[in-house]
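Student: what's the 3D shape of this:
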Amino acid sequence: MLTKSDLMYDLPEELIAQHPPKVRGTCRLMVLNRKDRSFHEEKFSRIREFIKPEDALVINDTRVIRARLSGKRETTGGAVEFLLLQELSPLVWKTMVRPGRQCRTGHVFHFSHSLQATVVEELGKGRAVVKFSSGGNTSELIEKAGTVPIPPYIKRPPDELDSVRYQTVFAENDGAVAAPTAGLHFTPEMLQSIEDTGTSINRLTLHVGPGTFQPLRRELLAENTMEEERYRISAKTLESLRRCRQGGGKIVAAGTTVTRTLESIDINSRNSLAGSTSIFIHPPYRFRNVDVLLTNFHLPGSSLISLVGSFAGLDLIMEAYTEAIESKFMFYSYGDAMLII
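Tutor: As a prediction, the model looks like this:
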């Protein structure tokens, strides 16, 4: 049986991208062909050459919110960090609290812009339901007090560039605490060029949560689980995907979040779908709805490398990662891309 150790590799720290490329869409692209087990380098700007007119490209239009808040506990002045996970009702949020021991019902925390939050329910594992209040427009003040929740492997504070570049150009629906990073590479011009060839561009929404990027906790892959993430996919998108398949085209998933959504639903549904998915994809897994996968290079021992290893074959992925390291590709959220065909 496969274990977490099978997903590990050594990555030089200098290959972890700390900043986005100066110009969006100028990253490198590794094209991995599963049929002949080959991989070669391209420019991402040439990606439309690998997507056919009869294909359907699927993108995730979730928008990253300014979800990280730094403040202090009212009674002790102890530092605390909130990561806003989901708005349950106006001004009431499911929240990750660090340190978790600060999180007790009735505790009050203060943030900048006269914003305060009170814990109304403890959920365990460092999570709580909190209610915000202020002396003004509280929703606006939460946005002002918050920062972009860039991943912890980016060893710098977030800046204003992150508010633009840690967001896809098609981001529309608020709710993610992490970006669907494969989509970060696209520019409006690239998407228009792809559409001009006849390829349909289809949207779904999966609000990316913190669980997507956390290391697996159990050694045996099959024993791991993932946190639920909310998704929505329209009847129009589902109809487009069915037409693609009927016409002999391939469904191209822009990222692991799109893949997890598509593998969680029945594309033959005639109605729009909304719900939550906690699907954890690990080898061996038979993909039902995704034919081509665009993705970034992922953390060792993560659910994401488990997914791409399931899609391409774990041994082939590890060969490709070894080549990527030798060729000094950049890794993780702001890094280079891989297209698995």
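Student: Check which helices and strands the least confident helix or strand in the chain by mean pLDDT is in contact with.
Tutor: Ranking every helix and strand in the chain by mean pLDDT, DSSP states H and E puts helix 138-145 at the bottom, with a mean of 92. Here helix 138-145 touches strand 115-124, going by 3 or more Cβ pairs under 8 Å, 6 or more residues apart in numbering; DSSP states H and E. To be clear about C-beta, it is placed using only N, CA and C from the backbone, and glycine gets the same treatment.
Student: ok and the least confident helix or strand of the chain relative to strand 115-124, angle-wise?
Tutor: Relative orientation of helix 138-145 versus strand 115-124 (axes from the mean of the first three to the mean of the last three Cα atoms, to 10 degrees): 90 degrees.
Student: Check what contacts helix 138-145 and list those residues.
Tutor: Around helix 138-145, the neighbours that count as contacts under Cβ atoms under 8 Å, 6 or more residues apart in numbering are 65-66, 69, 84, 90-91, 111-115, 132, 134.
Student: which among the residues you listed end up buried?
Tutor: Buried members of the contacts of helix 138-145, scored by 16 or more other Cβ atoms under 10 Å, are 65-66, 69, 84, 111, 115, 132, 134.
Student: Distance from the least confident helix or strand of the chain to the middle of the chain?
Tutor: 24 Å (Cα atoms, centre = their mean, to the nearest Å).
Student: about what we covered before: please tabulate the buried ones among the contacts of helix 138-145 in a markdown table and include pLDDT as additional columns.
Tutor: Listed next are the buried ones among the contacts of helix 138-145 as a markdown table, based on pLDDT from 0 to 100:
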| residue | pLDDT |
| --- | --- |
| Ile65 | 96 |
| Arg66 | 95 |
| Leu69 | 97 |
| Leu84 | 96 |
| Phe111 | 96 |
| Leu115 | 96 |
| Phe132 | 97 |
| Ser134 | 93 |
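Student: Which ones among those map onto strands?
Tutor: 69, 84, 111, 115, 132 (DSSP state E).
Student: Next, format those as CSV and append distance to Ser276.
Tutor: Converted to CSV, these look like this (distance: Cβ to Cβ, whole Å):
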residue, distance to Ser276
Leu69, 24
Leu84, 17
Phe111, 29
Leu115, 29
Phe132, 24
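Student: Tell me the one of these nearest Ser264?
Tutor: For Ser264, the closest of these turns out to be Leu84, at 23.9 Å, with distances computed as Cβ to Cβ.
Student: Show the contacting residues for the closest one.
Tutor: Residues near Leu84 by Cβ under 8 Å, 6+ apart: 65, 67-69, 93-95, 142, 146, 177.
Student: Please list the residues outside the next helix or strand along the chain from the least confident helix or strand of the chain that contact it.
Tutor: Next helix or strand after helix 138-145 toward the C-terminus (DSSP states H and E): helix 160-165. For helix 160-165, contacts defined as Cβ under 8 Å, 6+ apart pick out 19-20, 24, 66, 148, 150, 184, 334.
Student: sec struct for the residue located most distally from the centre of the chain, please.
Tutor: Within the chain, the residue lying farthest from the chain centre (Cα atoms, centre = their mean) is Thr75, at 36.3 Å. Following DSSP: H, G, I helix; E, B strand; the rest coil, Thr75 is assigned to coil.
Student: Then Ile317?
Tutor: helix.
Student: what's the burial count for it?
Tutor: Neighbourhood size, Ile317 [other Cβ atoms under 10 Å]: 26.
Student: how near is it to Ala79?
Tutor: Going from Ile317 to Ala79 by Cβ to Cβ, to the nearest Å gives 40 Å.
Student: Please identify the helix or strand for Gly294.
Tutor: Just to correct that, residue 294 is Leu rather than Gly. Using DSSP H and E, Leu294 sits within strand 292-296.
Student: Output that strand as PDB, nothing but the C-alphas.
Tutor: Taking C-alpha atoms only, strand 292-296 is exported to PDB below (Å, rounded to 0.1, in the frame of the first residue of the first chain):
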ATOM      1  CA  VAL A 292      -6.200  16.800 -19.200                       C
ATOM      2  CA  LEU A 293      -4.800  18.600 -16.100                       C
ATOM      3  CA  LEU A 294      -3.100  21.900 -15.800                       C
ATOM      4  CA  THR A 295      -1.400  22.300 -12.400                       C
ATOM      5  CA  ASN A 296       1.600  23.800 -10.500                       C
END
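Student: Just the mean pLDDT for it, thanks.
Tutor: What strand 292-296 shows for mean pLDDT is 98.
Student: neighbouring contacts of it?
Tutor: Contacts of strand 292-296 (Cβ under 8 Å, 6+ apart): 47, 50-51, 55, 181-182, 250-256, 259, 304, 308, 311-312, 331-333, 335-341.
Student: ChimeraX command for the buried members of those?
Tutor: Here is the ChimeraX command that selects the buried residues among those (16+ other Cβ under 10 Å):
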select :47,50,51,55,181,182,250,251,252,253,254,255,256,259,304,308,311,312,331,332,333,335,336,337,338,339,340,341
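Student: Mind checking which of the contacts of strand 292-296 are in helices?
Tutor: Secondary structure from DSSP state H places 256, 259, 304, 308, 311-312 of these in helices.
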